[in-house]
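**Q** Below are the sequence and a predicted model for it; my questions follow.
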Amino acid sequence: MNKLTAYLKDSYKELVQKVTWPGWDQLQQSTMIVLGATLMITFVVWVMDFAATGSMKFIYSLFK
């Protein structure tokens with residue numbers, strides 16, 4: 001039980017004293033970067049899916 005208590009105390013101490021939390025401006029900037037990257041990756045995956053679907057429909061139409 002002493003190990004658990006020591007672990008919890010050390011974890012709390014690390015979170016309060018040693019961790020540098022981002023400010024509001026940095027948090028907003030990071031959020032916009034993540035949002036932009038997510039939208040870009042989503043668009044790329046959509047284009048790849050659209051192209052794959054079109055090519056598969058074309059290939060299937062050749063064998064009908």
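**A** Ah, there it is.

**Q** so how far is the helix or strand of the chain with the lowest mean pLDDT off the chain centroid?
**A** Ranked by mean pLDDT, DSSP states H and E, the weakest helix or strand in the chain is helix 2-13, scoring a mean of 94. Its chain's C-alpha centre and that of helix 2-13 lie 30 Å apart, by CA atoms, centre = their mean, to the nearest Å.

**Q** Can you give me the buried ones in the longest helix along the chain?
**A** Counting by DSSP state H, the longest helix found in the chain is helix 24-62. By neighbour count with 16 or more other CB atoms under 10 Å, helix 24-62 contains no buried residues. C-beta coordinates here come from the backbone N, C-alpha and C atoms, glycine included.

**Q** pLDDT on that helix, on average?
**A** Average pLDDT, helix 24-62: 97.

**Q** from the chain's centre, how far out does it sit?
**A** Distance, centroid of helix 24-62 to centroid of chain: 13 Å (CA atoms, centre = their mean).

**Q** and if you look at stretch 12-19?
**A** With CA atoms, centre = their mean, you get 25 Å for stretch 12-19.

**Q** Need the CA coordinates for it. CSV is fine.
**A** Extracted in CSV, the C-alpha atoms of stretch 12-19 (Å, rounded to 0.1, in the frame of the first residue of the first chain):
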residue,chain,number,x,y,z
TYR,A,12,0.5,14.4,-8.4
LYS,A,13,3.7,16.3,-7.7
GLU,A,14,4.9,15.7,-11.3
LEU,A,15,1.7,17.0,-12.8
VAL,A,16,1.6,20.1,-10.6
GLN,A,17,5.2,21.1,-10.5
LYS,A,18,7.1,19.6,-13.4
VAL,A,19,4.6,19.6,-16.3
